[in-house]
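Asks: Sharing a sequence plus its predicted fold:
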Amino acid sequence: MSSSYGGMSAFDRLRARLNGRPHACEECGFVDEEGSWEAVTTGATVEYRRECPSCGTERVQRYQF
């Protein structure tokens, strides 16, 4: 990972990478430049979720350790 993400937790670094990418809704095509990913963890799994402000479709990125 880039050194520009230094000093952050692994979860924060991954969220920063996800937020740094343009996000276009797969359902309606709306490009959300203001939103961010929310993280939820169960310990073995981390889910980053983002909801489209236009149509409400939720996108989930899931990582297992």
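Replies: Received, thanks. This structure is a prediction, so every number in the text was calculated from the model and none was measured.
Asks: ok, residue 33 - contacts?
Replies: Counting by C-beta atoms under 8 Å, 6 or more residues apart in numbering, residue 33 touches 22, 23. (Each C-beta comes from the backbone N, C-alpha and C, glycine too.)
Asks: and the residue nearest the centre of the chain, what does it touch?
Replies: Among the residues of the chain, the one closest to the centroid is residue 37, at 3.5 Å (C-alpha atoms, centre = their mean). For residue 37, the contact set (C-beta under 8 Å, 6+ apart) comprises 15, 18, 19, 48, 49, 50, 61.
Asks: of all those, which comes closest to residue 9?
Replies: Checking the contacts of residue 37 against residue 9 with C-beta to C-beta, the nearest one is residue 15 at 9.3 Å.
Asks: Can you give me the pLDDT of that closest one?
Replies: As predicted, residue 15 sits at a pLDDT of 84.
Asks: isn't it right up against residue 35?
Replies: No. Here residue 15 does not reach residue 35: they are 12.0 Å apart, not a contact under C-beta atoms under 8 Å.
Asks: Give me the more crowded residue out of the two.
Replies: Legend: neighbour count by other C-beta atoms under 10 Å for residue 15 and residue 35, higher for residue 15 (20 against 12).
Asks: What confidence value was assigned to the residue nearest to that one when sequence neighbours are not counted?
Replies: Distance criterion C-beta to C-beta, 6 or more residues apart in numbering; nearest residue to residue 15, sequence neighbours excluded, is residue 37 at 5.4 Å. Residue 37 is assigned 89 on the pLDDT scale.
Asks: how about the helices in the protein?
Replies: Along the chain, counting by DSSP state H, helices occupy 10-19.
Asks: For the residue nearest to the centre of the chain, give its distance to residue 17.
Replies: Remark: distance between residue 37 and residue 17 (C-beta to C-beta, to the nearest Å) = 10 Å.
Asks: what do you get for residue 53?
Replies: Using C-beta to C-beta, which is the criterion applied here, residue 53 is 21 Å from residue 17.
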